[in-house]
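>>> fold the following, please.
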Amino acid sequence: MMQTLDTARAALERYVEVAVDDDGSMTFRHGDVPCALQGLELAEGLPVLSLTCVVGWDLPRDEDIPARIGLRAGEGLFGTLGATASERGWDVTLRYAFPAVGLGEAALGTLLMLVVSNASAVRAELV
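Numbering: from 1, shown residues only. Here you go, the predicted structure:
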């Protein structure tokens, strides 16, 4: 799994500044969107990367954020949008998990940037 995370780190560092934790998980920002990337071995020989982007937080409760992201979710190819109500408003995330077997640095970087670019585009529409 560490080799997959090392490849992911190198791929991300082509585009953004990356902070790496002791367990190999990473955090980074794409514009105003904070993101976290973690890896796990789902089954022997099946490394999976899980990317979470925080699209927005404390968005106004009086806006119908779930309906807006529901419409937007049908337009995106990579990731699942979700909205959670909190005391301070709506929190919106985009999550994407995928098997990373066989992906080289360039391909992995392209895939990750497609996901985080989508998160940034959704943020621009909501905030």
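
>>> give me the residues contacting the lengthiest helix in the chain.
As assigned by DSSP state H, the longest helix anywhere in the chain is helix 105-126. The contact list for helix 105-126 (Cβ atoms under 8 Å, 6 or more residues apart in numbering) reads 7-8, 10-12, 14-16, 30-33, 35, 37, 51, 53, 55-56, 59, 65, 68-69, 72, 76-79, 81, 92, 94, 96, 98, 100, 103. Quick note: C-beta positions are derived from backbone N, CA and C, even for glycine.

>>> the worst-scoring helix or strand of the chain on mean pLDDT: how far from the chain's middle?
Lowest mean confidence among the helices and strands of the chain (mean pLDDT, DSSP states H and E): helix 65-73, at a mean of 84. Chain-centre distance of helix 65-73: 17 Å, with Cα atoms, centre = their mean, to the nearest Å.

>>> report the angle between the axes of that helix and helix 105-126?
Angle of helix 65-73 versus helix 105-126, following axes from the mean of the first three to the mean of the last three Cα atoms, to 10 degrees, is 140 degrees.
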